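Asker: Need the 3D shape of this:
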Amino acid sequence: MLLLQRKPGQYTWVHAKQSAGTLEAEVRDAEMVIVLDGCTDCCATKKLAATNCPPHIHIVATDLGIEKKGMDDVRFPEIELVVKTILDRAGSREGTKPENQ
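Answerer: Numbering: from 1, shown residues only. Purely as a prediction, here's the structure:
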């Protein structure tokens with residue numbers, strides 16, 4: 001949500017818990033698909049794999065050093081780290097093809 005507030009109109013959030021067909025319809029025409037998984041189980045990536053829309057960028061929060069804490073509140077420094085990582089990777093990948101996953 002912080003990213004959406006900082007860059008209004010540049011990013012759209014799509015929840016991966018919806019059906020694969022709905023998910024595909026929502027991301028099909030996206031210029032860049034960024035998948036944020038919470039841990040190495042990669043649930044969002046697996047859900048996106050059921051579509052024909054591979055991610056351009058894949059980020060795993062635990063790979064950034066963010067500890068998996070179940071339903072605990074996320075801390076502001078963790079949010080800042082994820083937003084910075086998204087902005088850095090999106091900026092460096094503009095105009096490139098999706099990563100092979």
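
Asker: if I've got this straight, Thr45 is in a helix?
Answerer: Yes: under DSSP: H, G, I helix; E, B strand; the rest coil, Thr45 falls within a helix.

Asker: ok, and the closest non-adjacent residue to it?
Answerer: Val35 (5.2 Å; CB to CB, 6 or more residues apart in numbering). From N, CA and C alone the C-beta is placed, and that goes for glycine too.

Asker: chain center to the helix or strand that contains the one you found, what's the gap?
Answerer: Using DSSP states H and E, Val35 maps to strand 34-37. Here strand 34-37 is found 2 Å from its chain centre; the criterion is CA atoms, centre = their mean, to the nearest Å.

Asker: Provide the strand pairings for it, with the direction of each partner.
Answerer: Using DSSP bridges, the strands paired with strand 34-37 are strand 57-60 (parallel).

Asker: which is the next helix or strand following the partner strand?
Answerer: From strand 57-60, the next helix or strand downstream (DSSP H and E) is helix 76-93.

Asker: what's in contact with that next one?
Answerer: 2-3, 6-7, 32, 34, 36, 56-57, 59, 61, 64-66 (CB atoms under 8 Å, 6 or more residues apart in numbering).

Asker: Just the buried ones out of those, please.
Answerer: Listed as buried from the contacts of helix 76-93 are 3, 32, 34, 36, 56-57, 59, 61, 66; burial here means 16 or more other CB atoms under 10 Å.
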